[in-house]
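> just coords:
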Ligand SMILES: NC(=O)c1ccc[n+]([C@@H]2O[C@H](COP(=O)([O-])OP(=O)(O)OC[C@H]3O[C@@H](n4cnc5c(N)ncnc54)[C@H](OP(=O)(O)O)[C@@H]3O)[C@@H](O)[C@H]2O)c1
């Protein structure tokens, strides 16, 4: 008999990075509604406190920069202490949602911008998977969902650095699904198209209409639509699914 979402998630913690962003907030809300304890990670303390005030003790705010290796290690120590002290249930889920998109053509791409995107979009999720999988493998169960992008899956002119960082994370997702299946951990990804969040808020009306011409559904996706897909992969409903990249893009050609 399979375990229901509420049975498992009411006794589980989920760590969500980028929890103060558009998609992050939506997946935090989805996990809280399923009864999970959520470690909400962000670097904006005021925004995290606001989330904490509205959600109550089921949400534990963690304030750090995901690209700061030592801060990530400290955070996992802190998290593990809370689990050992019974403040939070064991870590079952990880959603790597923090990300940045810095658009520029190759000829003018600054190396600092390339490195920032690789650090935040690839190295940080990798380190989080490494530390989370150590904890999950003790219980031989866990589910990791990486938020990648259709830009990484299909390529997009003027976005090569962002695309490279996300495509590399897709590669890590597929490989780690194979490596971690024997210890009961699933690793999947969600690849959104054009979603209405602060990441895309610099697109003016004309730029948005140009994008929508390439979306068969003719509109932007919502953070909640992405969160539904992430939640499915996170949950035991997807118990036999790993190494997959689920598009949430209204049929998009970048
Ligand atoms: N929106 C789209 O169309 C779209 C499409 C495909 C993929 N995605 C991916 O979806 C994910 C979520 O993006 P979103 O659309 O929800 O955008 P968003 O609203 O801008 O959220 C991004 C989140 O990442 C956090 N973040 C960035 N750098 C960080 C760092 N160094 N340390 C800690 N947190 C950091 C941001 O925190 P601050 O607020 O403190 O900066 C914010 O909470 C990203 O990985 C993005 O690449 C988005």
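Noted; the coordinates are in hand. What you see is a predicted model, and the numbers here were worked out from it, not measured in a lab.

> use CA for all of it now, contacts and neighbours both
OK.

> Confirm residue 247 sits in a helix?
No - per DSSP: H, G, I helix; E, B strand; the rest coil, residue 247 lies outside any helix segment and is strand.

> quick one: it from the ligand, how far?
Distance, residue 247 to the ligand, by Cα to the nearest ligand atom, to the nearest Å: 10 Å.

> number of nearby residues for the closest residue to that residue other than its chain neighbours?
Leaving aside its sequence neighbours, residue 247 sits nearest to residue 191 (Cα to Cα, 6 or more residues apart in numbering; 4.6 Å). As a burial measure, residue 191 scores 22 neighbours (other Cα atoms under 10 Å).

> Now do the same contact list for residue 191.
Residues in contact with residue 191, defined by Cα atoms under 8 Å, 6 or more residues apart in numbering, are 147-150, 153, 245-249.

> with the residues you listed in mind, which one is nearest to the ligand?
Of all these, the ligand sits closest to residue 149, with 4.1 Å by Cα to the nearest ligand atom.

> helix, strand or coil for the nearest residue to the closest one once chain neighbours are set aside?
Nearest residue to residue 149, sequence neighbours excluded (Cα to Cα, 6+ apart): residue 191, at 4.2 Å. Under three-state DSSP, residue 191 falls in the strand class.

> For the ligand, see how far away residue 191 is.
Following Cα to the nearest ligand atom, the distance that separates residue 191 from the ligand is 6 Å.

> Before we move on, what's the pLDDT of that residue?
The model reports residue 191 with a pLDDT of 98.

> Next: residue 11.
88.

> which one is it nearest to, not counting chain neighbours?
With Cα to Cα, 6+ apart as the criterion, residue 11 has its nearest non-adjacent residue at 5.8 Å, and that residue is residue 89.

> Count the residues that sit near that neighbour.
Neighbour count of residue 89, defined by other Cα under 10 Å: 20.
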